[in-house]
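> pasting the sequence and the predicted model now:
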Amino acid sequence: FQPKPLAGRRVLLTAGPTFERIDAVRGITNSSSGKMGFAIARAAWEAGAEVVIVAGETAQATPPGCRRINVLSAQEMLTAVEQEVDDADIFIAVAAVADYYVLNPSEQKIKKDAHILTLELAPNPDILARIATRPQPPFCVGFAAESENLLEYAEAKRKRKHLPLLAANLVQQAMGADDNEVILLDDNGEHRLPRGLKLDVARKLIGHVAQLYVHGKTR
Ligand code: PMT
């Protein structure tokens with residue numbers, strides 16, 4: 001017998017990179033593999049939740065029992081999240097979302113010539129901040145991928161985005177890797193999870209989410 005602390009709960013999560021089109025064949029993306037997000041999806045399903053993954057382009061296989069919506073750009077990811085979020089009890093933003101999109105992407109492949117090419121970039125919507133500041137938000141969990149000053153920057157992000165829980169990790173260690181080291185930040189302070197395979201880290205993170213959410217320590 002395995003306890004299912006999230007039985008009957010609905011978890012929505014974002015995972016993987018986003019892709020912002022420059023022209024018919026090129027775009028701006030990042031090296032998120034989707035491994036962390038898909039591991040969390042699996043751990044949430046193991047914990048009894050109904051899981052929906054909004055996934056950027058990634059080679060990860062959909063974990064058993066999870067529903068997957070594929071997207072490319074940050075705007076598409078936002079649209080999919082907004083369509084699903086009313087049904088969600090818990091929203092976990094693991095995706096590495098592009099902060100900017102290309103203002104005027106070309107329909108055709110841009111031809112090379114001798115000139116300097118300038119791209120105009122405009123800020124993308126912050127999906128997590130939008131969801132967390134809704135009048136009746138789900139329990140929101142954010143990630144912070146930092147390359148320095150991890151705890152300071154992560155806690156500032158948690159406050160700025162109004163999150164009850166945030167998972168901080170170093171981008172150099174986390175992105176693309178099979179394992180990860182995560183520090184959870186919540187209203188009670190910091191909780192260091194041991195370095196381990198992403199699925200092990202994911203199971204501990206989901207255990208922490210279940211404790212905060214199910215035992216009523218939400219806000
Ligand atoms: O995919 P892997 O290779 O397994 O790597 C895992 C990971 C490093 C991508 C993951 O562990 C991680 O840290 N994800 C968050 C990456 C990120 O973009 O962090 P951020 O600090 O820029 O964003 C903070 C939070 O806001 C994140 O929860 C992010 O999903 C969310 N966000 C950011 C920008 C935006 N426009 N919309 C968002 O929802």
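Everything's here; your move.

> show me the longest strand that occurs in the protein.
Secondary structure assigned by DSSP state E gives strand 139-146 as the longest strand of the chain.

> show me the contacts for the most far-flung residue of the chain relative to its centre.
Residue distances from the centre of the chain (CA atoms, centre = their mean) peak at Ala114, which lies 39.4 Å from the mean C-alpha position. Shown here is Ala114, which makes no contacts under the criterion CB atoms under 8 Å, 6 or more residues apart in numbering. Heads up, the C-betas are built off the backbone N, CA and C, glycines and all.

> for it, phi and psi?
For Ala114, the backbone dihedrals (degrees, to the nearest 10) come out as phi -80, psi 0.

> surely Phe143 and Val97 touch.
No. Using CB atoms under 8 Å as the test, Phe143 is too far from Val97 to be in contact (10.4 Å).

> who touches the longest helix seen in the chain?
When every helix of the chain is counted residue by residue (DSSP state H), the longest turns out to be helix 198-214. Identification of contacts with helix 198-214 by CB under 8 Å, 6+ apart yields 5-6, 9, 35-36, 39-40, 42-44, 46-47, 89-90, 92, 139, 141, 164-165, 167, 177-182, 184, 186, 191, 193, 217-218.

> which residues touch the residue nearest in space to the middle of the chain?
Against the mean C-alpha coordinate of the chain, by CA atoms, centre = their mean, the closest residue is Val94 at 1.7 Å. With contacts taken as CB under 8 Å, 6+ apart, Val94 has the following neighbours: 13-15, 36-37, 40, 143.

> what subset of those residues is also close to the ligand?
Among the contacts of Val94, the ones lying near the ligand by CB under 6 Å from any ligand atom are 14, 36-37, 143.

> nearest to Ile127 among those residues?
Taking CB to CB as the measure, Thr14 is the one of the ones next to the ligand among the contacts of Val94 closest to Ile127, at 6.6 Å.

> what sits against the closest one?
Contacts for Thr14 were tallied using CB under 8 Å, 6+ apart; they are 37, 53-56, 77, 81, 92-95, 97, 127.

> where exactly do the strands run in this protein?
Listed in chain order, the strands found in the chain under DSSP E are 10-15, 20-21, 27-28, 50-55, 66-70, 90-93, 100-102, 121-123, 139-146, 165-170, 179-180, 183-186, 189-192, 196-197.

> helices or strands up against the last one?
Secondary-structure packing of strand 196-197 (3 or more CB pairs under 8 Å, 6 or more residues apart in numbering; DSSP states H and E): strand 179-180.

> quick one: strands adjacent to the strand it packs on?
Taking DSSP bridges as the criterion, strand 179-180 pairs within the sheet with strand 196-197 (antiparallel).

> residues of the chain that sit close to the ligand?
Of all the residues in the chain, those in contact range of the ligand (CB under 6 Å from any ligand atom) are 14, 16, 32-37, 74, 93-97, 99, 124, 126-128, 142-145, 157, 169, 171, 174-176.
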